[in-house]
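> Sharing a model prediction with you, sequence too.
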Amino acid sequence: MIQIGKTIYNLLSSDTDVTDVVDDKIYPLVADINTTFPFIVYRKNSYNPDYTKDGISRK
(Lines give C-alpha, C1' and ligand atoms only; values in the text may rest on other atoms or scores of the structure.)
Protein backbone atom coordinates (compact mmCIF):
# COMPACT_ATOMS: atom_id res chain seq x y z
CA MET A 1 0.00 0.00 0.00
CA ILE A 2 1.14 3.53 -0.72
CA GLN A 3 2.39 5.39 2.33
CA ILE A 4 1.63 8.87 1.06
CA GLY A 5 2.27 10.61 4.40
CA LYS A 6 5.76 9.18 4.61
CA THR A 7 6.41 10.13 0.99
CA ILE A 8 5.26 13.71 1.57
CA TYR A 9 7.44 14.00 4.68
CA ASN A 10 10.47 12.61 2.83
CA LEU A 11 9.98 15.03 -0.07
CA LEU A 12 9.61 18.05 2.22
CA SER A 13 12.41 17.14 4.61
CA SER A 14 14.89 16.41 1.81
CA ASP A 15 14.28 19.75 0.06
CA THR A 16 16.93 22.20 1.27
CA ASP A 17 14.82 25.21 0.23
CA VAL A 18 12.14 23.99 2.67
CA THR A 19 14.45 22.98 5.51
CA ASP A 20 16.33 26.29 5.28
CA VAL A 21 13.07 27.98 6.28
CA VAL A 22 11.42 25.50 8.69
CA ASP A 23 14.37 23.36 9.84
CA ASP A 24 12.86 20.01 10.88
CA LYS A 25 9.46 21.42 11.88
CA ILE A 26 7.34 19.34 9.48
CA TYR A 27 4.34 17.64 11.07
CA PRO A 28 1.49 15.39 9.93
CA LEU A 29 -1.93 16.74 11.03
CA VAL A 30 -0.93 18.79 14.13
CA ALA A 31 2.22 20.61 15.19
CA ASP A 32 3.81 19.89 18.58
CA ILE A 33 2.87 22.12 21.50
CA ASN A 34 4.95 25.30 21.71
CA THR A 35 6.22 24.96 18.14
CA THR A 36 7.32 28.34 16.85
CA PHE A 37 6.68 29.67 13.37
CA PRO A 38 7.52 28.92 10.64
CA PHE A 39 6.49 25.28 10.38
CA ILE A 40 4.60 22.98 8.01
CA VAL A 41 1.54 20.87 8.80
CA TYR A 42 0.30 18.46 6.14
CA ARG A 43 -2.46 15.91 5.82
CA LYS A 44 -3.70 13.40 3.30
CA ASN A 45 -7.00 14.56 1.85
CA SER A 46 -8.05 11.31 0.20
CA TYR A 47 -6.86 8.17 -1.47
CA ASN A 48 -9.07 6.51 -4.04
CA PRO A 49 -7.54 3.23 -5.17
CA ASP A 50 -8.60 1.50 -8.35
CA TYR A 51 -9.91 -1.95 -7.50
CA THR A 52 -9.35 -4.78 -9.97
CA LYS A 53 -9.92 -8.51 -9.86
CA ASP A 54 -6.26 -8.87 -8.80
CA GLY A 55 -6.54 -6.33 -5.98
CA ILE A 56 -5.67 -2.66 -5.76
CA SER A 57 -4.00 -1.08 -8.77
CA ARG A 58 -1.70 1.94 -8.49
CA LYS A 59 -1.64 4.64 -11.12
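Arrived safely, thanks for sending. Numbering: from 1, shown residues only.
> Strands of this structure, residue ranges please.
Here the chain has its strands, by DSSP state E, at 26-28, 40-42, 50-52, 55-57.
> ok, and what's touching stretch 7-25?
I26, P28, A31, T35, T36, P38, F39, I40, Y42, K44 (CB atoms under 8 Å, 6 or more residues apart in numbering). C-beta: built from backbone N, CA, C; applies to glycine.
> First-to-last residue distance for that stretch?
16 Å (CA to CA, to the nearest Å).
> ditto for stretch 16-32
The stretch stretch 16-32 measures 22 Å between its terminal residues, going by CA to CA.
> any chance of the contacts of stretch 7-25 in a markdown table, plus neighbour count, distance to T52 and pLDDT?
Below are the contacts of stretch 7-25 laid out as a markdown table (neighbours: other CB atoms under 10 Å; distance: CB to CB, whole Å; pLDDT from 0 to 100):
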| residue | neighbour count | distance to T52 | pLDDT |
| --- | --- | --- | --- |
| I26 | 20 | 34 | 96 |
| P28 | 14 | 29 | 90 |
| A31 | 15 | 39 | 93 |
| T35 | 13 | 42 | 95 |
| T36 | 7 | 47 | 95 |
| P38 | 9 | 43 | 96 |
| F39 | 15 | 40 | 96 |
| I40 | 16 | 35 | 96 |
| Y42 | 14 | 29 | 90 |
| K44 | 12 | 22 | 77 |
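> Now compare the residues you listed and name the two farthest from each other.
For the contacts of stretch 7-25, the maximum inter-member distance is 25.2 Å, found between T36 and K44 (CB to CB).
> and D17, how far is that from L11?
The gap separating D17 from L11 is 12 Å, by CB to CB, to the nearest Å.
> ugh, wrong one, I meant V18
Distance of V18 to L11, given as CB to CB: 9 Å.
> Could you do I4 as well?
From I4 across to L11, the span is 10 Å (CB to CB).
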